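>>> just a sequence and a predicted model for now, questions to come.
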Amino acid sequence: MNEEQAEELIRKYNEGSASKEEMRLVENWFVNQSEIQQRAPVDLDYQSIKLSMWLNVDRRIGHTLKKVSFNFRIAAAAAVILLISVTVALFHFSHRNEIESQVVKNDVKPGQNKAVLTLADGRKISLTDATNGDVAAQAGVRISKDANGQLIYHLTGTSSGKSIQKYNTLEVPRGGQWQVILPDSSKVFLNALTSLRYPVTFSTKERRVELNGEAYFEITHHKESPFRVVTSGQVVEVLGTHFNINAYTDEPDVKTTLLEGRVNVNGIILKPNQQSVLSPDHQLSIINVDAANVVAWKEGLFKFDHTDIKTLMRQISRWYNVEVVYEGAVNNEQFFGKIERSYSLSEVLKVLELGKVHFRLEGRTIIVTP
């Protein structure tokens, strides 16, 4: 959406000639901005917002707003207008029929629950195809699958007593997701293109797993047995907490985000809403983030906050199992907002085209053009 289109949309909103869809767009621009939303009252008065927009609509979008005395709603509305000029605001609809789907031949469906379990003896089990119930038993553990895309390890107490540690690997392909409840009752949510290697039974001294890709962890507290997650270049140690690790090989950094509790990343302690960023040259830095945005994928959402197009498209590629090709120079536009991961690919692309970017879908390849 360019500046003229944004101005026209706000003008129609204030004149009362905007359609319901256009009114919803303007209002979503307001309520979906996290910095504004944190300060907003629960009962937003849209009549005041419209008045505030009208008072400011004659200011050219892209110009710096003068420092004048605004009340909160006027300041918030002015911030929205300015934000429209320098960012792309995406929006979230709670019902699918509120997006007019672009008709695309051979549209791509969203990802679903799918995974492959590799047992200690090398046997592979397609959890996508396996029936619900028990899928395997080994080393004093019964493994079952439920209807919600969850793999559960149940201790049976019938281990042979051998000291050799046995490992399982859970692999989620592109276009998939899965959950696993480990032998210690810890929960792990695996995003697309992710693998987790873990022992069938944990040691009494430590609980160590290996991750490639992205996963969200809810760790059961065992004081005498710390939980450790090994990724490329780092070890995350925790006693009991909720955190997310993004360790995809096609991402430039390894990111660990803490939601609850405390974790130790290569000797540095994180607090809730902090994220460690491990660069390719193994430099570790700490930044403050909104952790809820980071784990939005687990809640069925794409959530963007200062997200560039290539980072965004890597998420799309993994979830829809498609390739992405760029034609021409890619702009530095940043994306904000959220979209449900249950939308078809064409629906997602149509929403993204509200920004200064265009797409062609050819089979399972997305061509991105300026």
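Good, I have the coordinates. Note that this is a predicted model, so its numbers are computed, not measured.

>>> do a quick rundown of the helices in the stretch 51-200 of the chain.
Assigned by DSSP state H, counting those that start in this stretch, the stretch 51-200 of the chain shows helices spanning 72-86.

>>> so where's it shaky on pLDDT?
Along the stretch 51-200 of the chain, the parts satisfying pLDDT under 70 run over 51-105, 157-163.

>>> can you name every helix or strand that the helix or strand that residue 213 is a member of contacts?
Assessed by DSSP states H and E, residue 213 sits inside strand 207-218. The contact analysis (3 or more Cβ pairs under 8 Å, 6 or more residues apart in numbering; DSSP states H and E) places strand 207-218 against strand 187-190, strand 194-199, strand 227-231, strand 242-247. C-betas here are computed from N, CA, C, even on glycine.

>>> tabulate those strands in CSV, adding columns for mean neighbour count and distance to residue 181.
CSV is the format used below for the helices and strands packed on strand 207-218 (neighbours: other Cβ atoms under 10 Å; distance: least, Cβ to Cβ, whole Å):
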stretch, mean neighbour count, distance to residue 181
strand 187-190, 21, 6
strand 194-199, 21, 11
strand 227-231, 20, 14
strand 242-247, 22, 15
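
>>> figure out which of these is closest to residue 282.
Nearest of the helices and strands packed on strand 207-218 to residue 282, taken as Cβ to Cβ: strand 227-231 at 12.2 Å.

>>> for the closest one, packing partners?
In terms of contacts (3+ Cβ pairs under 8 Å, 6+ apart), strand 227-231 is packed against strand 207-218, strand 234-238, strand 242-247.

>>> do a quick rundown of the helices in the stretch 251-370 of the chain.
Under DSSP H, counting those that start in this stretch, the stretch 251-370 of the chain gives helices at 291-294, 309-320, 345-352.

>>> so the strand holding residue 213 versus strand 194-199, what angle?
Interaxial angle, strand 207-218 versus strand 194-199 (axes from the mean of the first three to the mean of the last three Cα atoms, to 10 degrees): 140 degrees.

>>> and the angle from strand 207-218 to strand 234-238?
Here the directions of strand 207-218 and strand 234-238 differ by 70 degrees (the same axes, to 10 degrees).

>>> re the thing from before, in CSV, list the helices and strands packed on strand 207-218 along with distance to residue 354.
Listed next are the helices and strands packed on strand 207-218 as CSV, based on distance: least, Cβ to Cβ, whole Å:
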stretch, distance to residue 354
strand 187-190, 30
strand 194-199, 30
strand 227-231, 35
strand 242-247, 26
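
>>> what sits against residue 243?
Taking Cβ atoms under 8 Å, 6 or more residues apart in numbering, we find residue 243 in contact with 216-217, 219, 236, 256-261, 263, 270.

>>> is residue 266 in contact with residue 283, as I believe?
No. The criterion here is Cβ atoms under 8 Å, and residue 266 misses it with residue 283 at 10.5 Å.

>>> ok, the two, which is more surrounded?
residue 266 (14 against 9; other Cβ atoms under 10 Å).

>>> please name the nearest non-neighbouring residue to that one.
Here the nearest residue to residue 266 in space, its sequence neighbours aside, is residue 234; by Cβ to Cβ, 6 or more residues apart in numbering that works out to 5.2 Å.

>>> distance of residue 215 relative to residue 252?
19 Å (Cβ to Cβ, to the nearest Å).

>>> for these two, indicate the residue with more neighbours.
residue 215 (27 against 10).

>>> what bridges to the more buried one?
Taking DSSP bridges, one obtains residue 190, residue 245 as the residues bridged to residue 215.

>>> was I right to think it contacts residue 191?
Yes. Residue 215 is within contact range of residue 191, at 6.6 Å (criterion: Cβ under 8 Å).

>>> returning to that earlier point: out of the helices and strands packed on strand 207-218, which comes closest to residue 322?
Between the helices and strands packed on strand 207-218, strand 194-199 lies closest to residue 322; by Cβ to Cβ that is 17.2 Å.
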